[in-house]
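A.B. asks: Predicted model, plus sequence, below.
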Amino acid sequence: MKSQLIEKGSMLYLGLIKIEIRRMRMPRFLIEVPHENSKASCDLAVNVFKSTGSHFLTNADFGCPDGIHKAWVTLSAKSKREALYVVPPPFRNKARAIKVRKFALEIFEKTIRPQHK
């Protein structure tokens, strides 16, 4: 006989096994930082990130090799404002934080897709 997985409130039940669901994860944000389309601007961006000891530089993906002069990093933070603190001040005013989330297929089908009809 197969055990059924049943969710009730913040608990999961697998047969007689009770599992607490942890839903208090910090939100995740995609941080996007644009800079001008020139070698000097790319060099300046890297130098500013290096000189500030920024977490951003070591974890970012840069689009410069493909002609998209932006950098992106995904991180957890309490708010958009807090997420933007990882961006050095000279770039912060043009940066944006986008709240992102991964969804299980079932959740996507039930809650996300119907919003776009």
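C.D. replies: Nice, I can see it. Numbers count the residues shown, from 1 in each chain.
A.B. asks: Could you find the closest non-adjacent residue to R92?
C.D. replies: L84 (5.8 Å; C-beta to C-beta, 6 or more residues apart in numbering). Backbone N, C-alpha and C define where each C-beta goes, glycine included.
A.B. asks: Need the per-residue pLDDT for that neighbour.
C.D. replies: If you check L84, the pLDDT there is 94.
A.B. asks: now swap in E7 and tell me
C.D. replies: E7 carries a pLDDT value of 55.
A.B. asks: what sits against the residue nearest to R92?
C.D. replies: By C-beta atoms under 8 Å, 6 or more residues apart in numbering, the contact list for L84 reads I31, R92, A95, A97.
A.B. asks: and if you look at R96?
C.D. replies: So, once contact is read as C-beta under 8 Å, 6+ apart, R96 ends up touching I31, E32.
A.B. asks: Are we agreed that A97 is in a helix?
C.D. replies: No: A97 is assigned strand when assessed by DSSP: H, G, I helix; E, B strand; the rest coil, not a helix.
A.B. asks: burial count for it?
C.D. replies: 21 (other C-beta atoms under 10 Å).
A.B. asks: What's opposite it in the beta bridge?
C.D. replies: For A97, the beta-bridge partners are I31 (DSSP bridges).
A.B. asks: mind listing the helices in the protein by residue range?
C.D. replies: 39-51, 55-59, 80-84, 89-92, 105-107 (DSSP state H).
A.B. asks: re earlier: state the distance from the residue nearest to R92 to H35.
C.D. replies: Going from L84 to H35 by C-beta to C-beta, to the nearest Å gives 16 Å.
A.B. asks: just L57 next, same as before
C.D. replies: Distance, L57 to H35, using C-beta to C-beta: 13 Å.
A.B. asks: Check I68 too.
C.D. replies: Counting by C-beta to C-beta, the separation of I68 from H35 is 11 Å.
A.B. asks: what does L44 give?
C.D. replies: Counting by C-beta to C-beta, the gap from L44 to H35 is 7 Å.
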